[in-house]
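Enquirer: starting from these lines, generate the structure:
(chains A and B)
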Amino acid sequence: GEQVEQRPPHLSVREGDSAVITCTYTDPNSYYFFWYKQEPGASLQLLMKVFSSTEINEGQGFTVLLNKKDKRLSLNLTAAHPGDSAAYFCAVSDTNAYKVIFGKGTHLHVLP
Amino acid sequence: DMKVTQMPRYLIKRMGENVLLECGQDMSHETMYWYRQDPGLGLQLIYISYDVDSNSEGDIPKGYRVSRKKREHFSLILDSAKTNQTSVYFCASRSGQIYEQYFGPGTRLTVL
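Expert: Numbering: from 1, shown residues only, chains lettered A, B, ... in the order given. Next comes the predicted model:
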């Protein structure tokens, strides 16, 4: 079955620096990709969803890249600020999206 | 505003006691999920419910059972709780027309 590996498990950056989190997956039929953010003690909130047909999605202060050839999904936070400190999870599913496989998460700490 | 609720938010039980975790959603979503989250392990799928009385085991169903008698309500039951079931439990829902899951606030369960 699908396996998702997320790296790094922990990441510390200074305010204003960029932070990159990467997930690799194994199933070439994977179609939907998600990034969730979880602040300490809180629930998971959807940050962005990416479909297999798109490669770059930009949000407020971050960019998501999908490389289907390498089966790699990345989240790039540009100019990180302390409010970005949280756990980030990637998630991958096939075309019906009923079962989603989550990465083990990255704990990001942005130092002032 | 889409909302998933969970009750209780915190629960302490003794080993061998029965546990009932409840989840509700007000979006008429067909599909609902139960996950547990443990440090370093990400989210692990316990059960999926595709609709009323249509439930399927996830990746770690042992020691758990579920009940869904109404579309808006999904229960997770632990018969004779064990100490290794101490965890944070998240409920989630999604509809057929969207692909992302909406998560509840979580229940922190401690089994002594």
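
Enquirer: which helix or strand contains A:Ser74?
Expert: strand A:72-77 (DSSP states H and E).

Enquirer: contact partners for residue 8?
Expert: Here I'm looking at chain A. A:Ile21, A:Thr106 (Cβ atoms under 8 Å, 6 or more residues apart in numbering or on different chains). The way it works is simple: take the backbone N, C-alpha and C, and place the C-beta from them, glycine included.

Enquirer: can you look at chain B instead?
Expert: Contacts of B:Pro8 (Cβ under 8 Å, 6+ apart): B:Leu21, B:Thr107.

Enquirer: any regions of chain B where pLDDT drops low?
Expert: B:1 (pLDDT under 70).

Enquirer: could I get the full set of strands for it?
Expert: Using DSSP state E, the strands of chain B run over residues B:4-7, B:10-13, B:19-25, B:31-38, B:42-51, B:54-57, B:65-70, B:73-78, B:87-94, B:102-103, B:107-111.

Enquirer: any chance of those strands in TSV, plus mean neighbour count and distance to chain A?
Expert: Listed next are these as TSV, based on neighbours: other Cβ atoms under 10 Å in any protein chain shown; distance: least, Cβ to the nearest Cβ, whole Å:
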stretch	mean neighbour count	distance to chain A
strand B:4-7	18	8
strand B:10-13	13	11
strand B:19-25	19	12
strand B:31-38	22	6
strand B:42-51	20	4
strand B:54-57	14	9
strand B:65-70	15	15
strand B:73-78	20	15
strand B:87-94	23	7
strand B:102-103	22	4
strand B:107-111	18	9
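
Enquirer: same list (these) but as a markdown table, adding distance to A:Ala91.
Expert: Below are the strands of chain B laid out as a markdown table (distance: least, Cβ to Cβ, whole Å):
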| stretch | distance to A:Ala91 |
| --- | --- |
| strand B:4-7 | 16 |
| strand B:10-13 | 26 |
| strand B:19-25 | 19 |
| strand B:31-38 | 11 |
| strand B:42-51 | 8 |
| strand B:54-57 | 18 |
| strand B:65-70 | 21 |
| strand B:73-78 | 20 |
| strand B:87-94 | 11 |
| strand B:102-103 | 11 |
| strand B:107-111 | 21 |
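
Enquirer: re earlier: what strands flank the strand holding A:Ser74, and is each parallel or antiparallel?
Expert: Partner strands and pairing direction for strand A:72-77 (DSSP bridges) are strand A:19-25 (antiparallel), strand A:62-67 (antiparallel).

Enquirer: how far does the last one sit from its chain's centre?
Expert: In this case it means strand A:62-67. 8 Å (Cα atoms, centre = their mean, to the nearest Å).

Enquirer: backbone dihedrals for A:Gln45, please?
Expert: phi -120, psi 140 (degrees, to the nearest 10).

Enquirer: most distant residue from the centre of chain B?
Expert: Going by Cα atoms, centre = their mean, the residue of chain B most distant from its centre is B:Gln97, 21.7 Å out.

Enquirer: what sits against the residue nearest the centre of chain B?
Expert: Computing the C-alpha centroid of chain B and ranking residues by Cα atoms, centre = their mean puts B:Trp34 first, at 3.0 Å. Neighbour list for B:Trp34: B:21, B:23, B:45-47, B:58, B:64, B:66, B:74, B:76, B:89-91 [criterion: Cβ under 8 Å, 6+ apart].

Enquirer: circling back: now tell me what touches the strand holding A:Ser74 from outside.
Expert: A:18-25, A:33, A:35, A:47-48, A:50, A:61-67, A:84, A:88, A:90, A:92, A:108.
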